[in-house]
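Asker: My questions are about this predicted structure, shown below with the sequence.
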Amino acid sequence: MWTIKSEGVRRILRNALPFAVMPAIVLLLPLGLQEQYYALVSFVMVMLALLLFLSGFERRDLGTRRMILVSVMTALSVLGRLLPVIKPITALTVLSALYLGREAGFLVGALSAVLSNFVMGQGPWTPFQMLAWGLIGLFAGILAKPLKRSRLLLYAYGFLSGFAYSMLLDIWTTVWTYKEFTLEEYLAAISTAFPLTCLYAVSNVIFLLLLAKPIGDKLERIRIKYGL
């Protein structure tokens, strides 16, 4: 597997890609271009997410092992999103980040969105979903130590992630519906979606309750065994 050898370049990529480049692509792209070229934007987001993942390691053998685990977690997340009503995609993204690293968490979240949308339906919303779930994974990786120490914090993070995801997607909903963004219309979108947002936030906690120990224990054993 190709790796990025320069520590300085890796550091720049790890900060610039998720906090500047990808949000700029998703949030600042004109609506007309989003509608017409959403497939291209989604492809660019996938490539940038992979580049971010590559920036997170330097040893080729460890990178390959991480990629295998990321592939497995992404597959589980994609399959889980096909469940009716409540879906474990956020929980699996968070657990991936806790045990495989922040870049892995971003990649699992972003890939889960775009791959599952081949069934759920692709559209201009796909890049927003990729960014939202990717950032949920990224921040879970940044907060990995306290989240692994305290289950209450982990459940709280899962709950708040449900609201964070919905609030970011409501930006797209507002712009798509009204062809512009205003605070009044954005707040209306948030209030309309509030019951479903609460259900999603609670479902994140439920899935973390069910999956944190069995999946976490297995990932932790693999991480220690292979020095990931």
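Answerer: Nice, thanks for sending it over. All of these numbers come straight from a predicted model, not from anything done at the bench.
Asker: Which residues belonging to the strand or helix carrying Gly137 are considered buried?
Answerer: Here Gly137 sits within helix 125-142, counting by DSSP states H and E. Across helix 125-142, burial judged by 16 or more other Cβ atoms under 10 Å covers 125-141. Any C-beta I mention is one placed from the backbone N, CA and C, and that applies to glycine too.
Asker: other SSEs contacting that helix?
Answerer: Under the contact criterion of 3 or more Cβ pairs under 8 Å, 6 or more residues apart in numbering; DSSP states H and E, helix 125-142 touches helix 22-28, helix 38-54, helix 89-100, helix 102-120, helix 151-178.
Asker: Does Leu82 touch Ser116 like I think?
Answerer: Yes. Between Leu82 and Ser116 a contact is recorded at 7.1 Å, counting by Cβ atoms under 8 Å.
Asker: list the contacts for the closest residue to Ser42 other than its chain neighbours?
Answerer: Spatial nearest neighbour of Ser42, chain neighbours left out: Thr126 (4.9 Å); criterion: Cβ to Cβ, 6 or more residues apart in numbering. Contact analysis of Thr126 by Cβ atoms under 8 Å, 6 or more residues apart in numbering lists Tyr38, Ser42, Ala113, Val114, Asn117.
Asker: where's the residue lying closest to the third one once chain neighbours are set aside relative to Gln34, distance?
Answerer: If the residues on either side of it in the chain are set aside, Ala113 comes closest to Gln129, at 4.0 Å by Cβ to Cβ, 6+ apart. Distance check for Gln129 against Gln34: by Cβ to Cβ, to the nearest Å, it reads 13 Å.
Asker: buried stuff in the lowest-mean-pLDDT helix or strand in the chain?
Answerer: Counting by mean pLDDT, DSSP states H and E, the chain has its least confident helix or strand at helix 31-36, which shows a mean of 75. Within helix 31-36, the residues that count as buried by 16+ other Cβ under 10 Å are Gln34.
Asker: again, but for stretch 199-216
Answerer: Neighbour-count burial for stretch 199-216 flags Tyr200, Ala201, Ser203, Asn204, Val205, Phe207, Leu208, Leu211, Ala212, Ile215, Gly216 (criterion: 16+ other Cβ under 10 Å).
Asker: Using a markdown table, lay out these together with secondary structure.
Answerer: Below are the buried residues of stretch 199-216 laid out as a markdown table (DSSP: H, G, I helix; E, B strand; the rest coil):
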| residue | secondary structure |
| --- | --- |
| Tyr200 | helix |
| Ala201 | helix |
| Ser203 | helix |
| Asn204 | helix |
| Val205 | helix |
| Phe207 | helix |
| Leu208 | helix |
| Leu211 | helix |
| Ala212 | helix |
| Ile215 | helix |
| Gly216 | helix |
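Asker: ok, and the closest non-adjacent residue to Trp176?
Answerer: The shortest distance from Trp176 to any non-neighbouring residue, by Cβ to Cβ, 6+ apart, is to Pro124 (6.9 Å).
Asker: Do I have it right that that neighbour meets Leu169?
Answerer: No. Using Cβ under 8 Å, Pro124 is not in contact with Leu169, being 11.5 Å away.
Asker: Of these two, which one has the most company?
Answerer: Pro124 (21 against 18; other Cβ atoms under 10 Å).
Asker: pLDDT wise, what is the more buried one at?
Answerer: Note on Pro124: pLDDT of 89.
Asker: Please consider this matter closed, and thank you.
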